[in-house]
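**Q** structure here, sequence nowhere to be found:
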């Protein structure tokens, strides 16, 4: 995952929605929030329909070096460490996010684990390694075939961000519009690329297959 905008966009994904129901209503994103004791920001869940295959959808979601091309306010995304093995993997990405005035840009590093929990389903789990704007970040996104609409992927997104104290109150409400924009950007970009640039989608789909098979997809010359 931002994936997704200001602190919430941290790896595309770090979302802070306000809402009351977990549902699918056409193109509308209807999130669910859950207050967690001791946390300044809520845990967030959202389900989104993407008109693309699950592999195509996770491929663009986890296209770490491409995220900067479509996630709002994400200025840079670069894979810096890639660890792969027969049963585990960890892709670490450095992000630079444009913050609202008068703050400077935010820089952070997230780790990402890719798994396939069942046939034609993919899961990306992310966590914070280093950040100048958050104390802790954790979340995941699951991509699976829609049970009734085979032309769609059902993406289930969940995240929890613990902001540094300075950010806690200031951005809680300001995050909402930007996060929704980021989620929409992930969906619209995936759908557009699946139709207009299948070569790019196939390229990133191969990276997903490589990682799941224990091969490096980004840093082929990195020492194990």
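**A** Yes, it's here. The structure presented is a predicted model; accordingly, all values stated were derived computationally and were not measured.
**Q** alpha carbons only for contacts and neighbour counts from here, please
**A** Noted.
**Q** how about low-confidence regions in this protein?
**A** Across the chain, the stretches falling below the confidence threshold (pLDDT under 70) are 1-26, 166-168, 170, 172-179, 221-224.
**Q** at 90 instead, please
**A** By pLDDT under 90, the weakly predicted segments of the chain are 1-36, 38-47, 72, 85-87, 98-106, 132-134, 147-150, 157-184, 219-224.
**Q** quick one, longest helix in it?
**A** As assigned by DSSP state H, the longest helix anywhere in the chain is helix 175-196.
**Q** show me what the helix or strand just after that one is packed up against.
**A** Once helix 175-196 ends, the next helix or strand along the chain (criterion: DSSP states H and E) is helix 198-212. Secondary-structure packing of helix 198-212 (3 or more C-alpha pairs under 8 Å, 6 or more residues apart in numbering; DSSP states H and E): helix 54-61, strand 106-115, helix 175-196.
**Q** name every strand pairing with the helix or strand just after the second one and say which way it goes.
**A** The reference is to strand 106-115. Note on strand 106-115: by DSSP H and E, the next helix or strand toward the C-terminus is strand 122-131. Its sheet considered, strand 122-131 pairs with strand 106-115 (antiparallel), strand 134-145 (antiparallel) by DSSP bridges.
**Q** and the helix or strand just after the last one, which residues are buried?
**A** So the one you mean is strand 134-145. Next along the chain after strand 134-145, taking DSSP H and E as the criterion, comes strand 153-163. Going by neighbour count (16 or more other C-alpha atoms under 10 Å), the buried part of strand 153-163 is 153, 154, 155, 156, 157, 158, 159, 160, 161, 162, 163.
**Q** okay, angle between strand 153-163 and helix 175-196 too, please.
**A** Strand 153-163 and helix 175-196 are oriented at 150 degrees to each other (axes from the mean of the first three to the mean of the last three C-alpha atoms, to 10 degrees).
**Q** residues in contact with strand 153-163?
**A** Residues from elsewhere that reach strand 153-163, judged by C-alpha atoms under 8 Å, 6 or more residues apart in numbering: 7-8, 14-15, 39-54, 57, 133-146.
**Q** try it again at 6 Å.
**A** Applying C-alpha atoms under 6 Å, 6 or more residues apart in numbering, the contact partners of strand 153-163 are 43-50, 53-54, 134-146.
**Q** out of these, which end up buried?
**A** 43-50, 53-54, 134, 137-146.
**Q** closest to residue 181 out of the buried residues of strand 153-163?
**A** residue 157 (14.6 Å; C-alpha to C-alpha).
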